[in-house]
Each structure stands twice: as structure tokens, then as C-alpha cells.
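Enquirer: Give me a 3D structure for the following:
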Amino acid sequence: MTHFKLVSGIDCGVDKSVCENGYPDNCFNCLSKKFSEANILMDIYDVVEQQSEQKRREMLYKHIWRKYQDILTIRHVIILSKGGVPAFNMAVGDLPIDPSLIAGFIQANVVFSGEELTLIDKINPEKNFFEFEYKNFNLLLRVGNLCTSCLILDGRASGNLRDLLSSFTEILEVDYEDELQEFDKTGDLNILKPVKSLVEKIFEITMIYPLTISTQIPPNIYENFTPIQKAVYETCKDLLKEEDYFFILNLINTTSKLLGVISKEEILWNIYQFLRENVIIWADLEFQRKELESKEEDIQKREYVIQKIMEIKDLDDIIFECQDMNEDAAMKKIKSLFKKGEIAEKDAAYQEALNEYQKALTYAKEFNMETIIGKISFKILEIIKLNKEVELKFALEHASKSEKRKDYVSALKYLFQIKGNLSSENEDDKRDKQLQRINSRIKKLQNYFIISEYD
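Expert: Numbering: from 1, shown residues only. Below is the predicted model of the structure:
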């Protein structure tokens, strides 16, 4: 037998702030056990913690990321009574599952006979774990004294999921002992409905629920947001402008696009802190969020909708009016509208000018006035171009002001808005140089989030 002496750095996968195995006193025994479970024969003489703050943070980010990936694989949770009857059934994803079919499949593979078990595929005899393939899914079972807990998964179960399922089963049998025994007598499915809260707590599946922002964030928490947390918070608000809720995956991807150089693992860790501090909460818990929105915002939305409806109505009215109108009368209308558009344009009321020109164009099209159509169309294109230039100037000014205030999140949002507008234009040297400058400014601001995180 050949012997080696190794000096190795090992990521145990658990941050010391959340370690349940007895950090730091039990690190030696914990690592020895991990090697033993992996069938690696090794004598560990000493365990020394690696004192790197950056490394520690990266380990923590990976820990939360793995937790989230585990949650994404869960599709269903089923609890079987001691006799193998479904006592609790909870869908986590959108997968329709008939618990009686699952129970039948399990009984065909695991024969229940008092406390004795016959296994076809026993993955951990000491902990009574089973894992089977069922259609396109995996079933992970943990057999307890009073019940059997089952997770239906998209893939193979991780060690973390097995540990969670074991803890869940043990807590379930203590906290719901009377209910489990009552179910064995009555078969009433309502008895174990409260178990849903335990499932949500142990497996943290609320991370895949629709989410929103709390309206009651304590000032001391808001004032102490890190730069990355500010970016996450602002992204939450932007997503809520589109829908009444958002999902973590969308929040991660949108924030990642904004910050660029910050890893998705680190972004998720900050989102996780928001969940723990109730900055981000389940969307269905915030019933009064809409009622707390400002009246001014509601009025603006209503006015905008009314304006759009009136614009459409105006154009429809013109088309109807043209049925009883001759070409000379239409030309008078066109000249009047064109004049109104020019006046609005001089006053920098570009949207109003655009509306007037659009009405004039409708008259011209109804009477097939090709020359007039070309003239008005060219004017409309000029207004649209001018309007874009105004928006570009506005965004540039506000990006610079935000950067001077060290509000880098807002500055980045303005710069990405500019980048989007420039990218939609035809390619030329001027546009390409502007895009290069904008990309350079974006990278510079994104680097701030790395520097500030490790200062």
C-alpha cells in the first residue's frame, strides 16, 4: 500500500455563520466523516480554517446558489402514512401528480411490513433513504417511524436535499405526531394541511414563489444597503412596474445584465438576505400594495390611457369623415393640421406636433395624395429623430448627474437606455463611436460594485 501526505485546501460547502455541525470545534470530526462517507481512507492530523474574506464570501455565495438549484429541482412533496397511504400532497411546480399513483409505485418497490423494509434500491441503509426513477423524474424517499416523506425531483438528489428531507421527516414526526396517528385512524386529508408551512420553511421553496417588495422596510435596513443590494432593490421596483410580482430567476438575470461583472451567485446571495430581512416577500402576502401606490401615479396612468384612446378615436373619425368630403376640403384640413404641427414643433412640443402630422397624414392617405404623403412622412421621421436626440440628451445629463451623486445604479440604468436607443439606429461611424463611449462608461461603473464590495 502506498501512503501520501497531502496538504490540501477544501471547501466544505457550508458557511460558518450557518453551520449546524458545530463550527469550529467539530470541523475535524465533520471532515473526517465526509471522507469516510466518500470511501476515502484518510487520517486527518490537523484542520486549519483558511482566513480569506474573499474566499469565505465566495463559498457562501456558492452555498446559497446550490440551495437555490436544489429548490428548482423539487416538483412535488408527498407524505405517506405508515401504511403507505398518501396523507399530504403539495405541488411545488406546475407538474400535475396523482399521489395515489406515486404511492402505488412506491409500494411496488418498497414493501411495508411493520418496521421491516425490503428495498430494491436502497441508497443509504443507515438513514433509510431510497431513490427511484419514475417516468422522467426521480423519487427521493426518507422512511421514518410514523410516515414516509417523498420528494419528486427533476434530477438526482444532492446530499443537501437528502439532509433536508431527513430533517424534515424527523421534525414532522415530532411536531405532527398526533396528526399522523389520527390520519391512520380516519384517513382525513385535512388533518395534515398545516404541514405546508413546514415544507416551505425547511426546503425554503418560497424562493420560487411570486415575490414583491415590502412596503414596510425599516429605515436602518434601507440606509445600510450595499451597492449591490441597491441595484437589486431598484431592479425589483422596475420589474414591479411591468407586473404585480416577479420571480427570483428574472431578478437575477436583470440585475446581472445591469451590473455585468458581478456573478449571479453573489446577486442571489444578496436577494437571499432581502428574503431573510423581509425586504422581499411573497407577492400574495402584500394585499394592499396597490392601495398604497400614490394617487398621482394612478392619475397619470389613467390620463395616458385616455390620451391613447382619444388619438385612435381621432384617426377613426378622420377616416369616417373623409367618406363625405371632397379633395379640396381635405387639403384645407391638411394645411391647418400641418400649421398646428409646425407651431408645436417650434415650442418643442414634439409629441403634440407628431399627433398633428399623423392626422394630416391620415387625410392625405385617404385621398391618395402621394406628394403630400411623402412630405408629411418625411416631417414625421424628422420629429421622431429629433425626439430621440432630446431623449438621448436627457438620459446623458441624468446619467452624469447620477454618477456625480454616486448613485451608480441610476447612472447605469440611463446608460443602458442610451445604449438600447443607439443600438436600434442604422450603423455608421458616429453611432459606433458613441456606443464605444457608452460601453466604456458602463464597464467603469460596473467595476465600482466589485471595488466597493471588497473595500
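
Enquirer: Go ahead and measure how far the helix or strand where residue 432 lies is from the middle of the chain.
Expert: Using DSSP states H and E, residue 432 falls within helix 429-453. How far helix 429-453 lies from its chain's middle: 25 Å, per CA atoms, centre = their mean, to the nearest Å.

Enquirer: Could you number the chain from 28 rather than 1 from now on?
Expert: Shifting the count to begin at 28 puts that one at helix 456-480.

Enquirer: Need phi/psi at the nearest residue to residue 248 once chain neighbours are set aside.
Expert: With sequence-adjacent residues excluded and distances taken as CB to CB, 6 or more residues apart in numbering, residue 248 is closest to residue 304, at 5.8 Å. (Each C-beta comes from the backbone N, C-alpha and C, glycine too.) With angles defined as degrees, to the nearest 10, residue 304 sits at phi -90, psi 10.

Enquirer: Distance-wise, check residue 304 relative to residue 240.
Expert: For residue 304, the distance to residue 240 (CB to CB, to the nearest Å) stands at 12 Å.

Enquirer: out of these two, which sits in the more crowded spot?
Expert: Taking other CB atoms under 10 Å, residue 304 and residue 240 do not tie; residue 240 has more neighbours (18 against 13).

Enquirer: Report the contact partners of that one.
Expert: 260, 263, 264, 267, 306, 307, 308, 313 (CB atoms under 8 Å, 6 or more residues apart in numbering).

Enquirer: Distance-wise, check residue 363 relative to residue 386.
Expert: From residue 363 to residue 386 the distance is 10 Å (CB to CB).

Enquirer: ok, these two, which is more surrounded?
Expert: Each of residue 363 and residue 386 has its neighbours counted (other CB under 10 Å); residue 386 has more, 23 against 13.

Enquirer: what's the neighbour count on the closest residue to that one other than its chain neighbours?
Expert: With CB to CB, 6+ apart as the criterion, residue 386 has its nearest non-adjacent residue at 5.0 Å, and that residue is residue 364. Number of residues near residue 364 (other CB under 10 Å) recorded here: 22.

Enquirer: Just confirm residue 364 is within a helix.
Expert: Yes: under DSSP: H, G, I helix; E, B strand; the rest coil, residue 364 sits within a helix.

Enquirer: Next, give phi and psi for residue 53.
Expert: Per degrees, to the nearest 10, the backbone of residue 53 is at phi -100, psi 10.

Enquirer: Count the neighbours of it for me.
Expert: For residue 53, the count of nearby residues is 13 (other CB under 10 Å).

Enquirer: Now the phi/psi pair for residue 169, please.
Expert: Torsion angles, degrees, to the nearest 10, at residue 169: phi -130, psi 120.

Enquirer: what angle separates the longest helix belonging to the chain from helix 456-480?
Expert: As assigned by DSSP state H, the longest helix anywhere in the chain is helix 397-431. Between helix 397-431 and helix 456-480, the angle comes out at 30 degrees (axes from the mean of the first three to the mean of the last three CA atoms, to 10 degrees).

Enquirer: all strands for the stretch 278-427 of the chain, in order.
Expert: 307-309 (DSSP state E, counting those that start in this stretch).

Enquirer: give me the low-pLDDT residue ranges for this protein?
Expert: Scanning the chain with the threshold set as pLDDT under 70 gives 28-38, 40, 42, 44-45, 65-79, 122-123, 134-154, 311-342, 452-454, 478-482.

Enquirer: For residue 231, see how far away the residue nearest the centre of the chain is.
Expert: Central residue of the chain (CA atoms, centre = their mean): residue 275, 2.1 Å from the mean position. Residue 275 sits at a distance of 11 Å from residue 231 (criterion: CB to CB).

Enquirer: and residue 200, what does it touch?
Expert: Per CB under 8 Å, 6+ apart, neighbours of residue 200: 171, 172, 173, 174, 207.

Enquirer: The residue nearest to residue 248 and residue 290: what is the separation?
Expert: 21 Å.

Enquirer: Determine which residue of this protein is most distant from the centre point.
Expert: residue 355 (58.8 Å).

Enquirer: Against which helices or strands is the helix holding residue 459 packed?
Expert: Secondary-structure packing of helix 456-480 (3 or more CB pairs under 8 Å, 6 or more residues apart in numbering; DSSP states H and E): helix 254-269, helix 435-450.

Enquirer: now these as CSV including mean neighbour count and distance to residue 127?
Expert: Below are the helices and strands packed on helix 456-480 laid out as CSV (neighbours: other CB atoms under 10 Å; distance: least, CB to CB, whole Å):
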stretch, mean neighbour count, distance to residue 127
helix 254-269, 18, 39
helix 435-450, 19, 51
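
Enquirer: okay, those helices in TSV with distance to residue 202 next?
Expert: TSV is the format used below for these (distance: least, CB to CB, whole Å):
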stretch	distance to residue 202
helix 254-269	34
helix 435-450	43
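
Enquirer: show me what contacts the closest residue to residue 368 other than its chain neighbours?
Expert: Closest residue to residue 368 apart from its sequence neighbours, by CB to CB, 6+ apart: residue 383 at 3.7 Å. Contact partners of residue 383, counting by CB under 8 Å, 6+ apart, are 364, 365, 367, 368, 371.

Enquirer: I figured the second one was touching residue 391, is that so?
Expert: No: at 9.9 Å, residue 365 and residue 391 do not qualify as touching, with contact defined as CB atoms under 8 Å.
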